[in-house]
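S.K.: model the following, please.
(2 chains)
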Amino acid sequence: MKKFFMATLLSASFLFAAEPNARDIMIKVKNRPDGDTRSSSMEMKLVNKSGGTRVRKITSYAMDVGEDTKTIMFFLYPNDVKGTGFLTVNYDDVNKEDDKWLYLPALKKTRRISGKSSKTDYFMGSDFTYDDIGKRNVDEDTHKFVREESANGFDYYVIESTPKKSGEIFSKKLVWIRKDCDVVEKVEFYDKLGKLHRQMVASDIKKVDGFWTIGKMVMQNVQTGHSTELLFLDPKFNIQLDSKIFSVNKLERGL
Amino acid sequence: MRKMNLSDFVILSGVRSTKSKTTQKASVAKMRGLIFITEPKSWGCEQPHLGLFRKGSVVALLSAALAVSAHAQEDELSLQLNGFVDSYHALQVERPHKIMSSRTRLRLEMRANYGEASLFSSVNLAYNSLIKEQSGAFLREAYFDYAGKYLEVKAGRQIVTWGVADGLRITDLISPMDYTEFMANDYDDIRVPVNAINLKYPGESFSAEVVFVPVPEYFVIPTNDGNPWQMPVPNGVRMDLSGTPEKRIKNSEVGGRLRFFLENLDFSITALRTFNKSPVTVMKLDPETKSALIKGVYKPMNVVGGDVSIPAGELVIRGEAGFYFGEPIALRNACDFRLRKTFNGLVGLDWYAGGNWTFMFQYMHKIVMDYRDELGLEQNTSMLTARISKELLNNTLKLSVYGMFDVDNVGFYVRPAGDYLLNDQITLSLGADILGGRRGTFETYKKNTQIWVKGKFFF
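M.R.: A predicted model of the protein is given here:
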């Protein structure tokens, strides 16, 4: 309700603005309703330049707690990482580092890991960083409205986002946002030299249980030729979840 | 391999039996009293042979099976079968370039889930061309698991891991170490499973657990003649490590742990009634043969400790400490031992530097209280470890190096390794174990510096 109210207010403000405020658009994207709880299975297909493929399968659960989000992921495939679990608490406050724990079944140990560390690392060898698949805080970047575009029967905002801190793997990114549903459909990431580095395209955008959902994302590293196809299977929203599943204990027990 | 003199024994607490040619439970584990190091790999593993299942395991499994069958009839039974095949071969670097290890294994892991209850077992079917006793079918873990809302029960043969130290043991004392093959096994093979009952209250940011081990397990050391990692002993000296405590309730092991997971802070508090599972060795005169006898000593001791993890930017600061009350320490003349209170502490720093680089450093320190010069251990001893890893080629290639430095003996162990994921099922690894120094265990095994290859197929 709170999110809906905020989105309505923001939408209303656009009617009177000469040029849309880029940060407001990004806030609206971030606050797009996605339920208080959700679950999904993910299948990642990693394709290298010569066409060789690797597959990763993950099940994840998420719960909003106020403005913060708790997420727990379990790796199901391949079998060498099966049982590995990853628990995060994403804080909405840009000044607070996320809490993260990693469970390694071979060691039978949970490690507290740095909240800052893995954000810029690639997730399980894919072309997505942890930041790409998580919720990057809107205020970690400076946003600039670039233009409006129409293509494939849809209208888009194009926003340029520049990281405020050094140490990011991109110098800027161009983001295409579908106006009708506030879904990011395309992102171009540029490296430190200003060259196109990676390109993400989302597809199979549809409503599930009344919530706009992405069914497929493809991230291509145009410099290496490596790409990753990420399928979101069986997404569910506002499901009954015990808050205890977002715990180290559950991480160690597994699914 | 050079033979050791008596002073080496004092230093190493290393032992070998001339009575039994099979692997013994004992200690090679202390280097001047430091708790031994474990993680990068182990020294092999004494596992219960399938034909020698312990009564405790069988009873636990039968109870578990009954419990599962009685559990929520509306739940569906699901079965999982996973495992891997791995083959490991190592070659001595210096002459005569002998084969240090050659073994192949099939690991089967089976899990049956039924509602909130499950049964798990893992079995190794192994062939070891050097150590015949390591060939065969061996049960590793077998336990019943129930996850209630307020109580979780895990009963049976299981590996218990506590603490936050990386490869060093301070509060992680329940599952002992297996040093059959020095440093040639994967981490999960280093730990010796124990028959235990684990009861846990699972909270969201807090958990409390109690572990009861009716019959504790003890360290396993390499004693087989065909094993290149066999602990050397002086000629004419017999070793007897059979003196592990009687299997009576008063010699059981019990411990508890409280864990807290908070914003920017994890910590736990532990208490454990256990034994020095890595025995202290003392010299005796064998009344039968009138020759020297090395006798293993195991004494009960109480441990109070805890650990902490604090993330700070790209760093995570770890700490672990344990007070051991009544730890036996051999005398300098190796003829007797004394019980002492010792403090064992560790500080670790993990740096997640981005770009798939990870750096982990640790410093561990041991202090013997009420110190006397007669003790065969320095009052202060310390150890440094470092682990650096980098993942490349979309995480298909992992390069790593793990190193330990025994400050007091100026001994070192370095393990560079490369792991390449050929595909989703197959991993190929190449590495080396480099040992050396002035004194201590690492120096003893200097000639065993080796290179190795390993292939692993997951299914």
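
S.K.: partners of whichever residue of the stretch 251-400 of chain B sits closest to chain A in the sheet?
M.R.: Going by C-beta to the nearest C-beta, chain A is nearest to B:Tyr352 of the stretch 251-400 of chain B, at 2.8 Å. Backbone N, C-alpha and C define where each C-beta goes, glycine included. Beta-bridge partners for B:Tyr352, by DSSP bridges, are B:Thr358.

S.K.: how far does stretch B:294-302 sit from the chain's center?
M.R.: In terms of C-alpha atoms, centre = their mean, to the nearest Å, the centre of stretch B:294-302 is found 18 Å from the chain centre.

S.K.: likewise stretch B:397-406?
M.R.: Offset of stretch B:397-406 from its chain centre (C-alpha atoms, centre = their mean): 18 Å.

S.K.: isn't the residue of the stretch 251-400 of chain B closest to chain A up against B:Gly313?
M.R.: No. B:Tyr352 is beyond contact range of B:Gly313, at 9.4 Å (criterion: C-beta atoms under 8 Å).

S.K.: those two - which one has more neighbours?
M.R.: Between B:Tyr352 and B:Gly313, counted using other C-beta atoms under 10 Å in any protein chain shown, the more crowded position is B:Tyr352 (25 against 12).

S.K.: distance of the more buried one relative to B:Asp186?
M.R.: To B:Asp186, B:Tyr352 is 23 Å away according to C-beta to C-beta, to the nearest Å.

S.K.: same question, A:Met44
M.R.: Note on A:Met44: its distance to B:Asp186, by C-beta to C-beta, is 26 Å.

S.K.: between those two, point out the one with more neighbours.
M.R.: Applying other C-beta under 10 Å to A:Met44 and B:Asp186 shows that A:Met44 carries more neighbours, namely 23 against 17.

S.K.: I'd like the average pLDDT over the host helix or strand of the more buried one.
M.R.: Element membership for A:Met44, per DSSP states H and E: strand A:37-47. Per-residue pLDDT over strand A:37-47 has a mean of 96.

S.K.: just the CA trace of it, in PDB.
M.R.: What follows is strand A:37-47, C-alpha atoms only, in PDB (Å, rounded to 0.1, in the frame of the first residue of the first chain):
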ATOM      1  CA  THR A  37       7.500 -12.100   0.000                       C
ATOM      2  CA  ARG A  38       8.500 -14.000  -3.100                       C
ATOM      3  CA  SER A  39      10.200 -17.100  -4.300                       C
ATOM      4  CA  SER A  40      11.600 -18.200  -7.600                       C
ATOM      5  CA  SER A  41      13.800 -20.800  -9.200                       C
ATOM      6  CA  MET A  42      16.500 -19.600 -11.400                       C
ATOM      7  CA  GLU A  43      18.300 -21.400 -14.200                       C
ATOM      8  CA  MET A  44      21.500 -19.800 -15.600                       C
ATOM      9  CA  LYS A  45      23.000 -20.900 -18.800                       C
ATOM     10  CA  LEU A  46      26.600 -19.700 -19.200                       C
ATOM     11  CA  VAL A  47      27.800 -19.700 -22.800                       C
END
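
S.K.: and the residue nearest the centre of the chain?
M.R.: Unless you meant another one, I'm taking chain A. Centroid-nearest residue in chain A: A:Ile133, 3.1 Å away (criterion: C-alpha atoms, centre = their mean).

S.K.: my bad, chain B
M.R.: Centre-nearest of chain B using C-alpha atoms, centre = their mean is B:Met177, 2.8 Å out.

S.K.: in the stretch 301-450 of chain B, which spans are strands?
M.R.: Under the criterion DSSP state E, counting those that start in this stretch, the stretch 301-450 of chain B contains strands at B:315-330, B:337-354, B:357-368, B:380-392, B:397-406, B:411-421, B:426-437, B:450-458.

S.K.: try the stretch 1-150 of chain B
M.R.: So, for the stretch 1-150 of chain B - with DSSP E, counting those that start in this stretch - the strands run B:24-25, B:77-92, B:99-114, B:117-128, B:136-147.

S.K.: gap between A:Gln240 and A:Val248?
M.R.: On the measure of C-beta to C-beta, A:Gln240 and A:Val248 end up 22 Å apart.

S.K.: who's more crowded, these two?
M.R.: Legend: neighbour count by other C-beta under 10 Å for A:Gln240 and A:Val248, higher for A:Val248 (24 against 5).

S.K.: who's in contact with that one?
M.R.: A:87, A:101, A:103, A:110, B:207, B:259, B:261, B:266 (C-beta atoms under 8 Å, 6 or more residues apart in numbering or on different chains).

S.K.: one step back: wouldn't the residue nearest to the centre of chain B be in contact with B:Val192 here?
M.R.: Yes. Here B:Met177 reaches B:Val192: they are 6.7 Å apart, a contact under C-beta under 8 Å.

S.K.: so what's in contact with the two at the same time?
M.R.: B:219-220.

S.K.: hey, which of the strands of the stretch 1-150 of chain B is tucked in deepest?
M.R.: Ranked by mean neighbour count, these are led by strand B:24-25 with a mean of 24 (mean count of other C-beta atoms under 10 Å in any protein chain shown).

S.K.: circling back to that earlier point, list the buried residues in the strand holding A:Met44.
M.R.: By neighbour count on 16 or more other C-beta atoms under 10 Å in any protein chain shown, the buried set for strand A:37-47 is A:37-40, A:42-44, A:46-47.

S.K.: what's the first helix or strand after that strand?
M.R.: strand A:53-65.

S.K.: could you dump that next one to CSV, C-alpha only?
M.R.: Extracted in CSV, the C-alpha atoms of strand A:53-65 (Å, rounded to 0.1, in the frame of the first residue of the first chain):
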residue,chain,number,x,y,z
THR,A,53,27.7,-24.1,-22.0
ARG,A,54,27.5,-24.5,-18.3
VAL,A,55,24.3,-24.6,-16.2
ARG,A,56,23.5,-23.3,-12.7
LYS,A,57,20.3,-23.8,-10.8
ILE,A,58,19.2,-21.9,-7.8
THR,A,59,16.2,-21.5,-5.6
SER,A,60,15.6,-18.3,-3.8
TYR,A,61,13.2,-16.8,-1.3
ALA,A,62,12.9,-13.1,-0.4
MET,A,63,11.0,-11.1,2.2
ASP,A,64,10.7,-7.4,2.7
VAL,A,65,11.2,-6.1,6.2
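
S.K.: strand partners (parallel or antiparallel) of the helix or strand just after that strand?
M.R.: Remark: after strand A:53-65, the chain's next helix or strand is strand A:68-77, criterion DSSP H and E. When pairing is defined by DSSP bridges, strand A:68-77 lines up against strand A:53-65 (antiparallel), strand A:85-90 (antiparallel).

S.K.: return the distance of the longest one from the chain's centre.
M.R.: Spelled out, that is strand A:53-65. Using C-alpha atoms, centre = their mean, the offset of strand A:53-65 from its chain centre is 11 Å.

S.K.: now the angle between strand A:37-47 and that strand, please.
M.R.: 160 degrees (axes from the mean of the first three to the mean of the last three C-alpha atoms, to 10 degrees).

S.K.: buried set for strand A:53-65?
M.R.: Buried, per 16+ other C-beta under 10 Å, within strand A:53-65: A:54, A:56-64.

S.K.: ok, back up a step: common neighbours of B:Tyr352 and B:Gly313, please.
M.R.: A:114, A:116.

S.K.: hang on, the earlier thing: which single one of the buried residues of strand A:37-47 is nearest to chain B?
M.R.: Closest approach to chain B among the buried residues of strand A:37-47 (C-beta to the nearest C-beta): A:Leu46, at 6.5 Å.

S.K.: how close does B:Leu331 get to B:Thr281?
M.R.: 11 Å.

S.K.: what are the boundaries of the helices in chain A?
M.R.: A:2-16, A:22-30, A:130-133, A:248-253 (DSSP state H).

S.K.: touching chain B at all, the third one?
M.R.: Yep, that's helix A:130-133 we're talking about. No. Counting by C-beta under 8 Å from any C-beta of the partner chain, no contacts exist between helix A:130-133 and chain B, the nearest distance being 10.6 Å.

S.K.: any idea how far that helix is from the chain center?
M.R.: Distance of helix A:130-133 from the chain centroid (C-alpha atoms, centre = their mean) equals 5 Å.
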